[in-house]
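Engineer: requesting a structural model of the entry that follows:
(one chain, ligands or ions: 1)
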Amino acid sequence: MNEVQLHDVSFVPFISAQQIEQVVVELALRIDADYKGLNPILLVVLNGAFVFAADLVRKMTIPLQLDFIRLSSYDGTASTGQMKEHFFWKSSLKDQHVIIVEDIVDTGHTLHHLLNKINAEHAASVEVACLLKKPEAYQYPTPLKYAGISIPNKFVVGYGLDYNGLGRDLDAIYGKKED
Ligand code: 5GP
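Structural biologist: Reported below is the predicted structural model:
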């Protein structure tokens, strides 16, 4: 893995593709076991979670549904805290077992905005699956049941995550060099 340059910023290797795959398999096994017979809806938060979600569902073996929501609160490398909703899920979530699939949980603002919306739909249950979390930045008490890797408060790209539009296609995760 080499350093990559995206726009004006250098990023260095942080989490390898092999390590990511191992974590995704572990999460898939846990979710499979917990949701057997429940046909959960995995609600994928676009854009960033598309790679994680694609890998996760292909490692899972139970029947499941997929739906998508597009949200954003980031501008460059900093969270604005201001949520933009671009479109919502199509399925009815009433009485459904919902798993929110997020790439990364940072402050938790995005997730909690979404949790409030889902709770208003009277889902049977709601849990969160995220590949990465930043415990130092997280500002809410809600536990993240299926969290992959805890990382320090640094800006990362790759495996679906971008820096101003670039880097989503990288198969591993890279950290901003100066962080
Ligand atoms: P939060 O609302 O939890 O602060 O931020 C969540 C969203 O911000 C994530 O879904 C992701 O889109 C974006 N985000 C948070 N941290 C990072 C990061 O380190 N790198 C990138 N590329 N996006 C991030």
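
Engineer: D103: which element?
Structural biologist: Here D103 sits within strand 97-105, counting by DSSP states H and E.

Engineer: neighbouring strands for that strand, and are they parallel or not?
Structural biologist: strand 41-46 (parallel), strand 125-133 (parallel) (DSSP bridges).

Engineer: can you say which of those is packed in most?
Structural biologist: Burial of the strands paired with strand 97-105 is given as mean neighbour count (mean count of other C-beta atoms under 10 Å); strand 41-46 ranks first at a mean of 23. For the C-beta atoms, the positions are set from N, CA and C on the backbone; glycine is no exception.

Engineer: so what secondary structure elements neighbour the helix or strand just after that one?
Structural biologist: Next in sequence after strand 41-46, counting helices and strands by DSSP H and E, comes helix 50-59. Under the contact definition 3 or more C-beta pairs under 8 Å, 6 or more residues apart in numbering; DSSP states H and E, helix 50-59 sits against helix 17-34, strand 41-46, strand 97-105.

Engineer: turn the ones you listed into JSON lines, columns for mean pLDDT and distance to V128.
Structural biologist: Written out in JSON lines, the entries for the helices and strands packed on helix 50-59 read as follows (pLDDT from 0 to 100; distance: least, C-beta to C-beta, whole Å):
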{"stretch": "helix 17-34", "mean pLDDT": "98", "distance to V128": "11"}
{"stretch": "strand 41-46", "mean pLDDT": "96", "distance to V128": "10"}
{"stretch": "strand 97-105", "mean pLDDT": "97", "distance to V128": "5"}
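
Engineer: of all those, which lies closest to the ligand?
Structural biologist: Among those, strand 97-105 comes nearest to the ligand, with 4.7 Å by C-beta to the nearest ligand atom.

Engineer: quick one: V51 and L131, what's the gap?
Structural biologist: Counting by C-beta to C-beta, to the nearest Å, the separation of V51 from L131 is 9 Å.
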